[in-house]
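> I'd like to go over a predicted model; first the sequence, then the structure.
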Amino acid sequence: MRLSKVAMFSVGILCITSLCACAHTPGNPISPLPKEPRAMTTPNTSTVNPTLSAVEIGERFLKLLGGLDSRKDLTIDRVREVTGISLKKVSFPSEGLESYIHGQALSNGWSYLLELTPESRALKQGIGLSFVNEDEGSSSLQGNCVDFEKYRDSLIEMGFLDSPVHGEIGQLQSWRFAKLANDGSGNDIVISLVPQNEAPGSPGRLCVKSIGTLN
């Protein structure tokens, strides 16, 4: 799953407001953000979100997915109930885009971003969890690895039909999962699980890079 435009902007917002700052050293200043359409965020509330490890947010997100009967079950209240996380609304009024997000710094420059996308003319209601790093090409996921194979097996046990997606030279690009909506509404749940090597460029353990619904 690729980060939406709103989510990419939100990563920058979170960096500015110290999310990424706590994962940087003084010798690695944050680069200026490119100019983007003006965004609006909802005011902060008194709710304090829990500080979670990569594995903890991964487990809570998995529980959320496993409890879905339909894509329509994806609401900010449901996310808060299952994960304990309150999402903040971010919108681009001029472009008619909006999203509900929460991000948190992990370690070694990594952060996670949880994003809920409301239904619109162009998009179905959806949700995604991504692990991001400014230096993704050389940053190890050691200490922040959500085991890819365990995640895949858990989704299969939850009743999702699965199918691997390979690239032109046979490399694993992602793993697709699908579950039909219980109410027959057609709001079926289709998920993409994207892997990444724990150590960049080295074979071995696979970690979850991102997981989210497909449009």
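Done, it's in.
> so what's Arg176 closest to, chain neighbours aside?
Counting by C-beta to C-beta, 6 or more residues apart in numbering, Ser163 is the residue found nearest to Arg176 once chain neighbours are left out, at 4.9 Å. Placement of C-beta: from N, CA and C, glycine included.
> gap between Leu62 and Leu123?
According to C-beta to C-beta, to the nearest Å, Leu62 and Leu123 sit 23 Å apart.
> the protein: strands as residue ranges?
40-41, 88-92, 97-105, 110-117, 126-133, 161-166, 172-179, 189-197, 206-213 (DSSP state E).
> what's the second one packed up against?
Applying 3 or more C-beta pairs under 8 Å, 6 or more residues apart in numbering; DSSP states H and E, one finds that strand 88-92 contacts helix 5-16, strand 40-41, strand 97-105.
> touching, Leu129 and Lys209? I think so.
No: using C-beta atoms under 8 Å, Leu129 is not in contact with Lys209, being 10.0 Å away.
> the two: which is more packed in?
Between Leu129 and Lys209, counted using other C-beta atoms under 10 Å, Leu129 has the larger neighbour count: 23 against 19.
> skipping adjacent residues, who's closest to that one in space?
Nearest non-adjacent residue to Leu129, counting by C-beta to C-beta, 6+ apart: Phe61, 4.7 Å away.
> how about the strands of the chain, which one is nearest Glu149?
Of all these, it is strand 206-213 that lies closest to Glu149, at 6.6 Å by C-beta to C-beta.
> which parts of that closest one are buried?
Of all the residues in strand 206-213, those buried under the rule 16 or more other C-beta atoms under 10 Å are Leu206, Cys207, Val208, Lys209, Ser210, Ile211, Gly212, Thr213.
> having no further points to raise, I will conclude here.
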